[in-house]
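Engineer: Build the 3D model from these lines:
(2 chains)
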Amino acid sequence: MEYSTQIVQYIISGITLGSIYAIIGLSFTVIYNTTGVLNLAQGDFTVWGGFSLAVLCTHLGLPLPLGLIVSILGVFILGIIVEKLVMFPLRKADVIILIVVTVGISTSLQGSTLLIFGKESKAFPAFSGEVPLNLFGAFISLQVVWILGVLCIVTLILWYFFNRTIYGKAMQACSEDRVAARAMGINPDRMSYLSWGIGGALGALAGALVIPITLMDFNNAGLFAIKGIAAIVLGGLGSYRGAALGGFLIGLLESMGAGFISPLNKDIFAMTALIGMLLIKPSGIFGKKNE
Amino acid sequence: MNDLRKSIAFSSVALLLICVIPPFLQRINYSYLIGILVIIAIYGIVIMGYDLLLGFAGQLSFAQIAFFGMGAYGSALMTSKYSFSPVLALALALLFSMGIAFIVGHIIMLRLQHIYLAIATLAFGEVFSRVLTGFPSFTGGAVGVFLPPFSVFGLKFDSDIKFYYLVCIMAFAFFMFSTNIVRSRWGISLLALNSDEQAARCMGINTSKCKIQVFIMSISYASIAGSLYAHFQKFVVPEQFSIVHSIELILMLFIGGTRTVWGGLIGVTILQVLPEISEWLADYRPFVSGALLIVILIFMPKGIIGTLIEFWKDRWAKSSGSGK
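Structural biologist: Below you'll find the model as predicted:
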């Protein structure tokens, strides 16, 4: 393969991974902005999304669109249940306790994945056939087009939701100032439920999109979560633009690092970038100043 | 004086128990449990150190497992590749971990707080475990490293029972050290740092120094335990020190209870014994341990031991009347 096509190939795979990380990063941000919780169980929502899609469509024979809707809706509800059962009783707890409890959520979700879906890793066919597109000599799986398309749609929907709908604006208000929001007649607790639901659904969407391009394993959750965290820290904790940009940066860094330096050490690059960013500018690229 | 007598009584009972357990287990044909006790004691040491950092000083670090791994890999590489004596290897690994902890403490611990500290240490732990797999020529890669049994001046600890005595004595020493240090002036300044850093600084506590000190101290617990762990398992592989295990540590600490020194030991015991009770429980272990952590955080924020201690203190205060 020529050098230029190789680069194109790396960029494409970087953008693909990056879109997935961007969606996971957005799912972190929705929850973080409304409730102030860094949810370490976010990767488990992703695994749940991928696994439930695989089980619904291959084992139960549901058509793809229905499978997608059911799995995303399922994790949406799962997110709300988690908020209701776990986070709501602890809403006044210390920051450290709030992080630790999401570790507990992650462990128990991972345990339930194991019990419900079994130990085997799962694969799923690409949404529209396996024949790749040929672009400038580089091969692009059609799944990549799907992933990019969905990312664009998700970004548009989120933008519309947070800027043009009453619920979205209410959630924004909660992230600015919960007490003031309450004074305006917004119920911040209800907004927390909604944010966990949306966070779960976005996580699940990322899982459903990524399962056709990588084999998914039940203990991948930690990896997804860490990449999502890297994305939001790089872009700036609490910023939606930042989460999307950070996702792409992490994805590109990973595929370039794997391609040009060492495939075995691809995760080190992202982690080093994360630590470096925290040391140079903890608020990230688009972060707010006050942190 | 009363305190001294109490602690002497406690130590003799504890040491007696430590000595009596293995023959008893052998008697009733449960000698395989000795291996589990060794693991409990080793993790117990790590957790006691973790409690100082997270429970007392309130600094959430996910990097603990990396330093456990540093101790383990340090011992493994030095004894197998360069045939150092195990004690020397342990000491050098400890020094190395403390050096890294000093650097990490200064560049991460002092600059970042709360969520940011958690993220940075999480990333550090992840980088460490990736380095273990990523540089096979040095660390043995996914295959790992094999190492000889632990020995001190010709005395070999090559069976489970011998190792049990070694580790239990170590754990006991660490326990006594921890219980005493948390009651010292320094231990109290950790609590002050935890509850309000600004206020602590006002009282004349050098909080930066405190953070570095407690970080290095907790890291030495982890590193020594890591060396012992490597010698006990007789081999090290990167999976033993992945991020999953750092989550295990959190589960153990918070299920047992923070700020008690005791709590961690109980948490370790619960999580290690749980899968041994039945096959059925082994499958359910991740789910059960996660759910247990959530339930404990919601209903008894002080953990099992913390809640029990409070309960007994209440009873005791009531029964001894208004005088106390």
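
Engineer: which stretches of the stretch 51-200 of chain A form strands?
Structural biologist: A:133-135, A:138-140 (DSSP state E, counting those that start in this stretch).

Engineer: Kindly report the same for the stretch 201-324 of chain B.
Structural biologist: Under DSSP E, counting those that start in this stretch, the stretch 201-324 of chain B gives strands at B:235-236.

Engineer: Flag every residue of it that's near chain A.
Structural biologist: Contact residues, the stretch 201-324 of chain B versus chain A (Cβ under 8 Å from any Cβ of the partner chain): B:243-244, B:247, B:250-251, B:254, B:283-294, B:297-298, B:301. Glycine gets a C-beta too; all of them are placed from N, C-alpha and C.

Engineer: picking up where we left off before, which among the strands of the stretch 51-200 of chain A is found nearest to chain B?
Structural biologist: When those are compared by Cβ to the nearest Cβ, strand A:138-140 sits nearest chain B, at 27.1 Å.

Engineer: one step back: can you say which of the strands of the stretch 51-200 of chain A is packed in most?
Structural biologist: Each of those was scored by mean neighbour count; the highest is strand A:138-140, a mean of 18, by mean count of other Cβ atoms under 10 Å in any protein chain shown.

Engineer: Just the mean pLDDT for that one, thanks.
Structural biologist: Strand A:138-140 shows a mean pLDDT of 72.

Engineer: give me the number of residues near residue 60?
Structural biologist: Answering for chain A, as no chain was given. The local packing of residue A:60 (other Cβ atoms under 10 Å in any protein chain shown) involves 10 other residues.

Engineer: meant chain B, my bad for not saying
Structural biologist: Neighbours of residue B:60 using other Cβ under 10 Å come to 21.

Engineer: Likewise for the one 10 residues further on?
Structural biologist: Residue B:70 is surrounded by 26 other residues when neighbours are defined as other Cβ under 10 Å.

Engineer: and it, what does it touch?
Structural biologist: B:93, B:96-97, B:100, B:128, B:223, B:226 (Cβ atoms under 8 Å, 6 or more residues apart in numbering or on different chains).

Engineer: ditto for residue B:101
Structural biologist: B:67, B:215-216, B:219.

Engineer: One more: residue A:30?
Structural biologist: A:158, A:171, A:195, A:198-199, A:202.

Engineer: cutoff 10 Å now
Structural biologist: Residues in contact with residue A:30, defined by Cβ atoms under 10 Å, 6 or more residues apart in numbering or on different chains, are A:39, A:42, A:79, A:158, A:161-162, A:171, A:175, A:194-203, A:240, A:243.

Engineer: ok, now how distant is it from chain B?
Structural biologist: Separation of residue A:30 from chain B (Cβ to the nearest Cβ, to the nearest Å) stands at 16 Å.

Engineer: Now that residue, what are its backbone angles?
Structural biologist: Residue A:30 adopts backbone torsions of phi -60, psi -50, taken as degrees, to the nearest 10.

Engineer: What separation is there between the spatially most central residue of chain B and chain A?
Structural biologist: For chain B, residue B:46 is the residue whose C-alpha lies nearest the centre (Cα atoms, centre = their mean; 1.3 Å). Separation of residue B:46 from chain A (Cβ to the nearest Cβ): 16 Å.

Engineer: Pretty sure residue A:283 sits against residue A:277.
Structural biologist: Yes. Counting by Cβ atoms under 10 Å, residue A:283 touches residue A:277, with 9.4 Å between them.

Engineer: So between the two, which is more surrounded?
Structural biologist: A count of neighbours by other Cβ under 10 Å puts residue A:277 above the other of residue A:283 and residue A:277, at 24 against 19.

Engineer: Please name the residues that touch the more buried one.
Structural biologist: By Cβ under 10 Å, 6+ apart, the neighbours of residue A:277 are A:230, A:233-236, A:246, A:249, A:283-285, A:287, B:119-120, B:123.

Engineer: What residue in the stretch 101-250 of chain B comes nearest to chain A?
Structural biologist: Counting by Cβ to the nearest Cβ, the stretch 101-250 of chain B gets nearest chain A through residue B:134, at 4.1 Å.

Engineer: so what sits against both of residue A:283 and residue A:277?
Structural biologist: With Cβ under 10 Å, 6+ apart as the test, residue A:283 and residue A:277 both reach A:233, A:236.

Engineer: contacting residues around residue A:10?
Structural biologist: Residue A:10 neighbours (Cβ under 10 Å, 6+ apart): A:138, A:252, A:254-260.

Engineer: right, I mislabeled it, should have said residue B:105
Structural biologist: B:59, B:61, B:98, B:208, B:211-216, B:219.

Engineer: again with residue B:246
Structural biologist: Residues near residue B:246 by Cβ under 10 Å, 6+ apart: A:103, A:222, B:50, B:61-66, B:68-69, B:121-122, B:125-126, B:129.

Engineer: Buried members of the residues of the stretch 201-324 of chain B next to chain A into PyMOL, please.
Structural biologist: The buried subset of those, as determined by 16 or more other Cβ atoms under 10 Å in any protein chain shown, is captured in PyMOL by this line:
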select buried, chain B and resi 243+244+247+250+251+254+284+285+286+287+288+289+290+291+292+293+294+297+298+301
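
Engineer: Kindly reformat the strands of the stretch 51-200 of chain A as TSV containing distance to residue B:277.
Structural biologist: Output for the strands of the stretch 51-200 of chain A, formatted as TSV (distance: least, Cβ to Cβ, whole Å):
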stretch	distance to residue B:277
strand A:133-135	55
strand A:138-140	52
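
Engineer: where in the stretch 151-291 of chain A is pLDDT low?
Structural biologist: Applying pLDDT under 70 to the stretch 151-291 of chain A picks out residues A:288-291.

Engineer: Setting the sequence-adjacent residues aside, check what's closest to the residue in it positioned nearest to chain B.
Structural biologist: Nearest residue of the stretch 151-291 of chain A to chain B, counting by Cβ to the nearest Cβ: residue A:265, 4.1 Å away. Excluding the flanking residues, the one nearest residue A:265 by Cβ to Cβ, 6 or more residues apart in numbering or on different chains is residue B:134, at 4.1 Å.

Engineer: wouldn't the one you found be in contact with residue A:258 here?
Structural biologist: No. When contacts are counted by Cβ under 10 Å, residue B:134 is not listed as touching residue A:258 (11.5 Å).

Engineer: so what's residue A:114 up against?
Structural biologist: Contact analysis of residue A:114 by Cβ under 10 Å, 6+ apart lists A:218-219, B:283-287.

Engineer: Model confidence for residue B:138, exactly?
Structural biologist: Predicted confidence (pLDDT) for residue B:138: 81.

Engineer: neighbours around it, how many?
Structural biologist: Residue crowding around residue B:138 was assessed by other Cβ under 10 Å; the count is 12.

Engineer: Spell out which residues sit in contact with it, please.
Structural biologist: Counting by Cβ under 10 Å, 6+ apart, residue B:138 has contacts B:73, B:77, B:81, B:131-132.

Engineer: which residue ranges form the helices in chain B?
Structural biologist: Assigned by DSSP state H, chain B shows helices spanning B:2-27, B:32-50, B:64-80, B:86-104, B:114-134, B:136-139, B:160-181, B:185-195, B:197-202, B:207-233, B:243-256, B:262-277, B:279-299, B:303-319.

Engineer: what's the offset of the fourth one from the middle of its chain?
Structural biologist: Looking back up the chat, that one is helix B:86-104. Its chain's C-alpha centre and that of helix B:86-104 lie 16 Å apart, by Cα atoms, centre = their mean, to the nearest Å.
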